[in-house]
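Undergrad: Fold the following and give me the result.
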Amino acid sequence: MSRNAGEAERIEDAVLTRAAQAGEVAALGLLLERHRAGMRAVALSILGPGPDVDDVIQDAAVTALRRVGDVRDPAAVGAWLRMIVRNTSRSLLRGSVPSLPIDDLRVPSTDAGPEGWLEHHTMRNWIWEALEELSPTLRLPLVLRHFSTGVTSYERIAGACGVPVGTVRSRLNQGRIKLAAALAATADAPHGDTARRTRASRVEARETLAAAESGGFEALLSERWSPGIALLRGNDPVGGRSVLVRGMDGDLEAGVRQRLAHAVAGRSLVLWEMDLLSPADDPDHCPPSVAWLMTLDDTGRPHRLRLLHPRPVRALESLTAM
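TA: Numbers count the residues shown, from 1 in each chain. Below is the predicted model:
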């Protein structure tokens, strides 16, 4: 490639990147197509031939959508995309996924913390509005894969959804395709305030934990959650409000405490990720974390709850083991 041709490509990359940062999904699509060969070459060099290569490229596309605002040198976006593929491929080999939660991503120019990111990320509302256009079966795997901090592997998502790993792969592939279409369709539509929803959800999570520790968990569930709340394991109901109350009370009596670590909230789906704190005299009593994945009813109240762990737990009778 001549110097002039290389410079022209850098200029075109810069124009497309700035357009993508301004919210033009078509520009991001053109960038991904321009650099797909280089991204695939990186994935192949680390993973070798196989279906994981396509998965990594698709994951990188969604990550690029979420993080395009991080690009500081628009003309070097190709190297940035290849870096995402490289990190995703290496993390896949280690058994983890480098999908940072949306409120932990770096911001080029803000002196605030996570709330600052949410306030300044211009694409956040658009992404969540598009996610809401997907069916629940496609939305759930995408949210877990790209917006949770611990339930990101195919195996964990399969457990959460109550389906085989192959079905998770298929739903993620379909979900990414439909998400791209939904982004284009909702570009000019009114978008909800994801930052406000997420801030309110963090407050609600902390209030829920405080109510539990003060003996008011059952009253809070009666006031704020659906009367038909069901605890699910996979797709199967395993209990209702009384099971939740007994489980929470049992954990607290055993000295287990929960602390909010991360939250995301859409109109139909809320995810709270908690650190689990075992009692000092029994540090291995429980796993290090639990995720509360809540499906909301038409009034915005939780009516389905899945509790997810990064690894199997022993005490199936406790709330955090369900």
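Undergrad: going forward, measure contacts between C-alpha atoms and count neighbours the same way
TA: Noted.
Undergrad: buried set for the helix or strand that contains L232?
TA: Remark: L232 resides in strand 230-233, with elements defined by DSSP states H and E. Neighbour counts over strand 230-233 (16 or more other C-alpha atoms under 10 Å) mark 230-233 as buried.
Undergrad: Which of the residues in stretch 223-241 are classified as buried?
TA: 225-226, 229-234, 240-241.
Undergrad: Nearest spatial neighbour of V245, chain-adjacent residues omitted?
TA: E218 (6.0 Å; C-alpha to C-alpha, 6 or more residues apart in numbering).
Undergrad: got it, and G38?
TA: Per C-alpha to C-alpha, 6+ apart, closest to G38 is R82, 6.9 Å.
Undergrad: Strands of the protein, start to end?
TA: 230-233, 236-239, 257-265, 269-277, 289-296, 302-308 (DSSP state E).
Undergrad: so which of these comes closest to R18?
TA: Closest approach to R18 among the strands of the chain is made by strand 257-265 (26.8 Å; C-alpha to C-alpha).
Undergrad: For the stretch 51-200 of the chain, just list every one of the helices.
TA: Applying DSSP state H, counting those that start in this stretch to the stretch 51-200 of the chain gives helices spanning 51-67, 77-94, 114-120, 124-132, 136-147, 154-161, 165-185, 194-213.
Undergrad: Reformat the ones you listed as a markdown table; add mean pLDDT, mean neighbour count and distance to L305.
TA: Formatted as a markdown table, the helices of the stretch 51-200 of the chain follow (pLDDT from 0 to 100; neighbours: other C-alpha atoms under 10 Å; distance: least, C-alpha to C-alpha, whole Å):
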| stretch | mean pLDDT | mean neighbour count | distance to L305 |
| --- | --- | --- | --- |
| helix 51-67 | 81 | 20 | 26 |
| helix 77-94 | 86 | 19 | 28 |
| helix 114-120 | 34 | 18 | 25 |
| helix 124-132 | 79 | 21 | 18 |
| helix 136-147 | 88 | 21 | 13 |
| helix 154-161 | 88 | 21 | 10 |
| helix 165-185 | 83 | 18 | 19 |
| helix 194-213 | 90 | 17 | 14 |
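Undergrad: Would you reformat these as CSV and include distance to A19?
TA: Supplementary listing: the helices of the stretch 51-200 of the chain in CSV, determined by distance: least, C-alpha to C-alpha, whole Å:
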stretch, distance to A19
helix 51-67, 12
helix 77-94, 13
helix 114-120, 17
helix 124-132, 15
helix 136-147, 23
helix 154-161, 33
helix 165-185, 14
helix 194-213, 22
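Undergrad: Let me know the closest of the buried residues of stretch 223-241 to H303.
TA: Nearest member of the buried residues of stretch 223-241 to H303, counting by C-alpha to C-alpha, is I229, at 4.2 Å.
Undergrad: Now do the strand holding L232: which elements does it pack against?
TA: strand 236-239, strand 302-308 (3 or more C-alpha pairs under 8 Å, 6 or more residues apart in numbering; DSSP states H and E).
Undergrad: Could you name the helices and strands sitting against the last one?
TA: Going back to what we said before, that points to strand 302-308. Applying 3+ C-alpha pairs under 8 Å, 6+ apart, one finds that strand 302-308 contacts strand 230-233, strand 289-296.
Undergrad: how close does R241 get to L231?
TA: R241 is 8 Å from L231, where distance means C-alpha to C-alpha, to the nearest Å.
Undergrad: contacting residues around R197?
TA: 265-266 (C-alpha atoms under 8 Å, 6 or more residues apart in numbering).
Undergrad: try it again with 6 Å
TA: A265 (C-alpha atoms under 6 Å, 6 or more residues apart in numbering).
Undergrad: That one and R267, how far apart?
TA: 8 Å.
Undergrad: likewise E132?
TA: 7 Å.
Undergrad: can you check A205 too?
TA: The spacing between A205 and R267, counted by C-alpha to C-alpha, is 16 Å.
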